[in-house]
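Trainee: generate coordinates for the sequence data below:
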Amino acid sequence: MTDATPVIERGTSETHGDVHTLRFLLRLPHPVPRVWAAVASSEGLAGWLAAADPFEPHIGGAITLRWLNTDRDGHATVASGTITAWDVERIAEYTLEGLHGRMRFHLEPPRGDHVLLRFTNQFRGDDALRLDCLAGWHDHFRYLADTLDGYPADWSKWTPVRWAELREEYAAADRL
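Mentor: Residues are numbered from 1 along each chain as shown. Predicted coordinates for the structure are as follows:
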């Protein structure tokens, strides 16, 4: 792989009733095993998303994600669930209780100098939550790209500023 810049395309969403499906496509200039480790291991997830403990890497395995960034009041999100799809170096799917719903990471074989990561998140909630999640995932995927480049997130320096800017961009795109 080359040192091409990762591309994080704007996420899209579909809504049916109160069920939202978010989709992101990432072009990551890293080998499949490295991307897989970042999205499908407790060590990898901690670098850009959340601490994962327990993490039982098989269908039906337990997973609990504890986000390492906090809300405005200093509270961290914790969500427990089950691994609902698992195909090594291809598909990792986590179905979590509460607001986070089903999260699916689907890696495609390398295309030129990058691997495609297709991400889907399906959950129930209002439109404000949909915008929050679009911005949140976009922000976390920037951290994923940095982590893959050797710069894991320093959560002690995290602020909601970048997330708030992304949320406003998604809200503005909805108004067009």
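Trainee: point out where the chain drops to low pLDDT.
Mentor: Across the chain, the ranges flagged by pLDDT under 70 are 1-7.
Trainee: can you give me the strands in it?
Mentor: 7-8, 12-16, 19-28, 50-55, 62-70, 76-87, 91-96, 102-111, 114-124 (DSSP state E).
Trainee: might you calculate how far the third one sits from the centre of the chain?
Mentor: Here the centre of mass of C-alpha atoms in strand 19-28, compared against the chain's by Cα atoms, centre = their mean, to the nearest Å, lies 9 Å away.
Trainee: cool, and stretch 90-102?
Mentor: 10 Å.
Trainee: next: stretch 55-75.
Mentor: Using Cα atoms, centre = their mean, the mean C-alpha position of stretch 55-75 is found 12 Å from that of the whole chain.
Trainee: which other residues reach it?
Mentor: Contacts with stretch 55-75, where a contact means Cβ atoms under 8 Å, 6 or more residues apart in numbering, come from 40-42, 45-46, 49-54, 76-86, 94, 96, 100, 153, 155, 158, 160. Every residue, glycine included, has its C-beta placed from N, CA and C.
Trainee: hmm, back to that, out of the strands of the chain, flag the one nearest Asp139.
Mentor: Smallest distance to Asp139 across the strands of the chain (Cβ to Cβ): 8.8 Å, for strand 62-70.
Trainee: C-alpha coordinates for the closest one, PDB please?
Mentor: Taking C-alpha atoms only, strand 62-70 is exported to PDB below (Å, rounded to 0.1, in the frame of the first residue of the first chain):
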ATOM      1  CA  ALA A  62     -20.200 -10.700  24.300                       C
ATOM      2  CA  ILE A  63     -19.000  -7.200  23.700                       C
ATOM      3  CA  THR A  64     -19.200  -4.100  25.800                       C
ATOM      4  CA  LEU A  65     -18.000  -0.800  24.400                       C
ATOM      5  CA  ARG A  66     -17.000   2.100  26.700                       C
ATOM      6  CA  TRP A  67     -16.400   5.300  24.800                       C
ATOM      7  CA  LEU A  68     -13.300   7.000  25.800                       C
ATOM      8  CA  ASN A  69     -14.600  10.500  25.000                       C
ATOM      9  CA  THR A  70     -17.200  12.000  27.200                       C
END
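Trainee: relative to strand 102-111, how tilted is it?
Mentor: In terms of direction (axes from the mean of the first three to the mean of the last three Cα atoms, to 10 degrees), strand 62-70 departs from strand 102-111 by 90 degrees.
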